[in-house]
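>>> prediction below, plus the sequence it came from.
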Amino acid sequence: MKQKRTLGTPRLLGIVWPFIAVVLFQALLGGVSLYTLSAVRGYVAGESLWSKSQKDAIYYLNLYADSRDESIFGKYQQAMAVPEGGHELRVALDSEPPDREAARRGIIKGGNHPDDVPSLIWLYLNFRHFSYLEIAIDRWIEGDAYLVQLDEVAREMHERIIHNQATDADMARWKARIFAINEGVTPAAKAFSDALGEGSRVILRWLLFTNLATALGLIALALLRTHKLLAQRHAFADALQLEKERAQITLQSIGDGVITTDVEGAIAYMNPAAEALTHWKAAQAVGLPLAALFNLLDENAQADGFSLIEHILSGQLSGSSEHAMLIQRLDGSTVSVTLVGSPIHTAGKVSGTVLVLHDMTQERQYIANLSWQATHDALTGLANRREFEFRLEQALLNLTRQPGRHALMFLDLDQFKLVNDTCGHAAGDELLRHICALLQSGLREGDTLARLGGDEFGILLENCSPESSERIAEILRQTVQNLHFVWKGRPFVTTVSIGVVHVAQNPTTLESLLRAADMACYMAKEKGRNRVQLYHVDDSELSLRFGEMAWVQRLHMALEENRFCLYAQEIATLGHVETGGGHVEILLRLHDEAGRMILPNSFIPAAERYGLMTSLDRWVVENVFKIIAQCIAQQHEAPMAMCAINLSGITIGDDDFLIFLRQQFVIHRIPPEMICFEITETSAISNLASAIKFINELKGLGCYFSLDDFCAGMSSFAYLKHLPVDFLKIDGSFVRDMLDDPINRAMVEVINHIGHVMGKRTIAEFVETPQIEQALLEIGVDYAQGYNIERPQLFTTDSLLCRPSRPRPLLFKAPGTFR
C-alpha cells in the first residue's frame, strides 16, 4: 500500500497553472473581443460610407439630369462604386462556397481599409444569422435593390443624353423615379444603420459581460487557490513541526551522541547521549567551540593535527566508513568512539556540521572477551592449543633471528578418567583447576602453560637451559604427586607423565616438535607413568613409535582406497578323515602405495595401538562374507571349507561389532557354522568377561571359536575352562623347535592333552617340515597348519572348495632321525 504523502515541496507549476489558464483565456477572450469590435467598427464605417455614397449618387444623378455634364456623371459613378462594392461583398459571401477573393475586392471597392478585410469576412460568415446582424443584412439587401434601380435609371439617362435623345418629358420622368428611389432607400438605409448600431451595442454588452464574468471567475479562482495554498502551508508547517518533534524524540532516545555546530564550529545542539560522552550539559555547551568539549586523538592517543570541523568539511568523516578515534575529555579521561560527520547544506551553501559519536566501550570489551575466549580455555583460563601453537611458532621464529634455547613439555595426567568415572565431571573439573594452579605456581614469569585437551597440558619455557627445564619438569611432577585431592570424602592420588623436548637453533618445524613432545609423553606413560621422559633423536623406542604413528595415516588411506587383500591357508587334519569340508584361516595383507605386499606384523601393532583394529576387522568380515556368498550362489557340489577369521581384543569388547556381525550374517545369508573366529589368548584373558559374552552370543548362532597362540603368554590353564572355545591353537614358538627342544615338545604334548581332556580340538601352527608333521601325528594333535601343509594363497571362491580329504602319510622313524 502506497504511503500517503504528508509533507512535500509544492511545485511552481502546480501553484500557478490555474492563473496561467485564466490569463490565457482572458487574453484569448480579449483578442476575440477586440477582433469582433474591429469587425463591427469596419461594418459601421462601411455603412457610413454606403449611406453617404448612395446620397451622393442620387445627388450627382439629379445634377447630371439638369446639367447633362459628363464630369458630373463620373462623380455619380465614383459615388455609386461604394454601394456596389458592398453589394459584391454580400453576394460573394452568400455564395456556396463563399468567394473570399471577390469579397475582398468588394470590401476594398466599398472604401474599407485593407487591414479590415479578414475581420469583416470573419464577422459576416460567423455572425450572419445573429439577430441584429441578420436584420441589418436584410435592410442592406433592400437598400441594394433600390440602388440597382437607381443604377438602371442612371444607365438609361446616360445612354439617351449622350445620343441627344433625351426629352423634357424623359427628364421629368427620370427625376420622378430618382425621387421615388431616394424616398425608398432612405428608410432602408436608416433601418440598416439602426440594426447595425444596435447589433454592435449588443455585441459590446455581451463582450463586456463575458469579460466581467471571466474577471469574477479569476478572482474566485484566486481566492480558492490562495485558500488552498494557505491550507497547504499550514499542513506543511504542522508536518514540519511533527517531523521536528519526531527528530527531537529520536535524537533524545538514540544511544549515539549527536552534536551539530555552525560552520565556524560553535555548538548548536547536543543530545543526551552526547552529554554523557562529553560530560557537558547542552545548555552550557551551546555557543562554545567544539574544541572546548574534548580533544580528538588517534588510536595511539596522539593528538590529531587537523581540527574536527576541518575533518568533517573535507569529507574525511563521511558515513561511507567508520572512523575509530579516541576523544579526551576535560577531566583527562578518554573514550573510544567511532565518528561519522557531515556538513549541513542550506540553499546550496554549508551552514554547519553534524557529528555522530558511537561509544565503542562495550563493543571493545565484547571483542576483547571474544579474543580471549578464542585463545584461552574456558575451564582453567589457560591458553588453548591454538594460542599455544602460535606462541611456540613465534619462539621458533625468534630462534632464527637470535640464538637461544627453549624447552617444550607435554603433560598428561595419569588415571584422570578414574576421577570422572567415579565422581563425575564436576570432580574432574575441580581437580583440573587445582592442578593448573599448582603448575602455574611452579613456572617462571613469562612461561606459557596451556591446556591442550581434556587432561593434557603444554608448557613452553623460553630461554631456558636443558638443565633448568629438566629440573622444572621434575619439580612439576613432584608437585602434582604431592597434591592430596579429596572429593566428598574420597581421596585420589594424582600423578602426571611429562615429555620434554629441548629446542635449539637446529632447523625444525612446529609439527615435528609437537609430535616429538607427544611421543615423549606417550613413552613416559608406557614406562609406568609418573615420570619425566626426555626426547632424544636417536631413541630407538621413540623411533618405533614414530613409525607406528606414520602407519596410522597410511592405514586410513589404504581403507579408503581398498588396498587390503585376503589370503587363505589350509588347516589340515592329522591322521584321520573328518566328515564335512575343510578348514582354512583367512590372512590379511596390504598393498602399499607402490604396489608392494606388506605383511600384517608391519602394520598390526600400529593399528592396535591407535584404535584401527575394529575398522580392519570389519573390512575382513565384510569381504570374507561376500566371497562366501558368491561361492554359495554358484551352487558347487563339493563341500565348502570353514573359514577362520582373526579378531583383535578391542573388537571382541565392542558391542557395536556384535551388531555388525549379526547384520552381515543376515545380509549375505551365510551359514554361521561356516565361520570360526580366532581370538588370541592374551586378548581373551585381558577382556575375559567381554570375551565370554562375545563367544557365547555367536556360538548361540552356530559359529565356532578358536583360541590362538595358546600358552604364548604363559597364562594359567585355569582361564581355559571359562572360555567356551572349540579349538586350541598351539603357539608356533613351541612347534617350530619341538624336534630340537624337549621342553617345547613337552609343552605341545601337555597342551594337546589338556585340550582333549576339556573336549577341545588342537591345531599346531608353524608346521614347516614333514618331520614336525610326523611328530605332531604321533602326539595326537588334531590339525596342522604351516608351509609344509600349504603356503598362503589368494582367497577366492576356489579356496572354499575342498578336495576330498585323505589321511596324512605316516613317516617311519629312522635311527637317529628324531630325538
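That came in fine, so what should we check first?
>>> ends of stretch 515-534, what's the gap?
13 Å (C-alpha to C-alpha, to the nearest Å).
>>> in that stretch, what's buried?
Neighbour-count burial for stretch 515-534, counted by 16 or more other C-beta atoms under 10 Å, picks out 515-525, 530-534. C-betas here are computed from N, CA, C, even on glycine.
>>> okay, and which of those residues map to strands?
Using DSSP state E, the members of the buried residues of stretch 515-534 that fall within strands are 532, 533, 534.
>>> which stretches in the stretch 51-200 of the chain count as helices?
70-94, 100-109, 117-127, 131-162, 168-253 (DSSP state H, counting those that start in this stretch).
>>> kindly report the same for the stretch 251-400 of the chain.
For the stretch 251-400 of the chain, the helices defined by DSSP H, counting those that start in this stretch occupy 272-278, 282-285, 308-313, 361-375, 385-399.
>>> rank those helices by pLDDT, which is bottom?
Lowest mean pLDDT of the helices of the stretch 251-400 of the chain: helix 308-313, a mean of 67.
>>> mind giving me the domain ranges of the protein?
Using automatic domain parsing, the domain ranges for the chain come out as 12-227, 255-365, 376-537, 552-800.
>>> distance to residue 246 for the ones you listed - can I get that in JSON lines?
JSON lines is the format used below for the domains of the chain (distance: least, C-beta to C-beta, whole Å):
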{"stretch": "domain 12-227", "distance to residue 246": "26"}
{"stretch": "domain 255-365", "distance to residue 246": "14"}
{"stretch": "domain 376-537", "distance to residue 246": "46"}
{"stretch": "domain 552-800", "distance to residue 246": "66"}
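>>> gap between the helix or strand encompassing residue 744 and the chain center?
If you go by DSSP states H and E, residue 744 is part of helix 742-757. The chain centre lies 75 Å from the centre of helix 742-757; the measure is C-alpha atoms, centre = their mean, to the nearest Å.
>>> give me the helices and strands touching it, please.
strand 727-730, helix 732-736, strand 761-764, helix 770-779 (3 or more C-beta pairs under 8 Å, 6 or more residues apart in numbering; DSSP states H and E).
>>> got the helices of the stretch 251-400 of the chain as CSV, with distance to residue 427 and mean neighbour count columns?
Below are those laid out as CSV (distance: least, C-beta to C-beta, whole Å; neighbours: other C-beta atoms under 10 Å):
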stretch, distance to residue 427, mean neighbour count
helix 272-278, 48, 19
helix 282-285, 59, 14
helix 308-313, 59, 20
helix 361-375, 25, 11
helix 385-399, 24, 16
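>>> for these, give me JSON lines that also has distance to residue 204.
Shown next, in JSON lines, are these (distance: least, C-beta to C-beta, whole Å):
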{"stretch": "helix 272-278", "distance to residue 204": "75"}
{"stretch": "helix 282-285", "distance to residue 204": "73"}
{"stretch": "helix 308-313", "distance to residue 204": "69"}
{"stretch": "helix 361-375", "distance to residue 204": "86"}
{"stretch": "helix 385-399", "distance to residue 204": "105"}
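>>> ok, which of those comes nearest residue 590?
With C-beta to C-beta as the criterion, residue 590 lies closest to helix 385-399 of the helices of the stretch 251-400 of the chain, at 32.7 Å.
>>> pull the residues that contact the closest one.
With C-beta atoms under 8 Å, 6 or more residues apart in numbering as the test, helix 385-399 has contacts from 374-376, 383, 404, 406, 408, 448, 450-453, 458, 460, 462, 503-505, 508-510, 513-514.
>>> so that helix versus helix 361-375, what angle?
80 degrees (axes from the mean of the first three to the mean of the last three C-alpha atoms, to 10 degrees).
>>> tell me the first helix or strand C-terminal of helix 385-399.
Toward the C-terminal end, the helix or strand that comes next after helix 385-399 (DSSP H and E) is strand 406-413.
>>> buried sites along the following helix or strand past that following strand?
Proceeding N to C from strand 406-413, the next assigned helix or strand is helix 416-423, under DSSP H and E. Judged by neighbour count using 16+ other C-beta under 10 Å, the buried positions of helix 416-423 are 416, 419, 420, 423.
>>> and the helix or strand that comes right after helix 416-423, what other elements does it pack with?
As assigned by DSSP H and E, the chain's next helix or strand after helix 416-423 is helix 425-441. Using 3+ C-beta pairs under 8 Å, 6+ apart as the contact test, the elements touching helix 425-441 are helix 416-423, strand 448-451, strand 456-461, helix 466-481, strand 484-487.
>>> which one, of these, ends up nearest to residue 752?
Comparing the helices and strands packed on helix 425-441 by C-beta to C-beta, helix 416-423 comes nearest, at 42.3 Å.
>>> quick one: mean pLDDT for the closest one?
For helix 416-423, the mean per-residue pLDDT is 85.
>>> ok, now stretch 104-116?
Mean pLDDT, stretch 104-116: 73.
>>> same thing with stretch 325-345?
Stretch 325-345 comes out with an average pLDDT of 79.
>>> same check on stretch 701-709?
90.
>>> how far does that stretch sit from its chain's centre?
Relative to its parent chain, stretch 701-709 has a centroid offset of 59 Å by C-alpha atoms, centre = their mean.
>>> can I have the buried ones of the contacts of helix 385-399 as a ChimeraX selection?
To isolate the buried ones among the contacts of helix 385-399 in ChimeraX, judged by 16+ other C-beta under 10 Å, type:
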select :375,376,383,406,408,448,450,451,452,458,460,462,503,513,514
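>>> still on that earlier bit, now the helices and strands packed on helix 742-757 as JSON lines including mean neighbour count and mean pLDDT?
Below are those laid out as JSON lines (neighbours: other C-beta atoms under 10 Å; pLDDT from 0 to 100):
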{"stretch": "strand 727-730", "mean neighbour count": "27", "mean pLDDT": "91"}
{"stretch": "helix 732-736", "mean neighbour count": "20", "mean pLDDT": "90"}
{"stretch": "strand 761-764", "mean neighbour count": "26", "mean pLDDT": "94"}
{"stretch": "helix 770-779", "mean neighbour count": "19", "mean pLDDT": "93"}
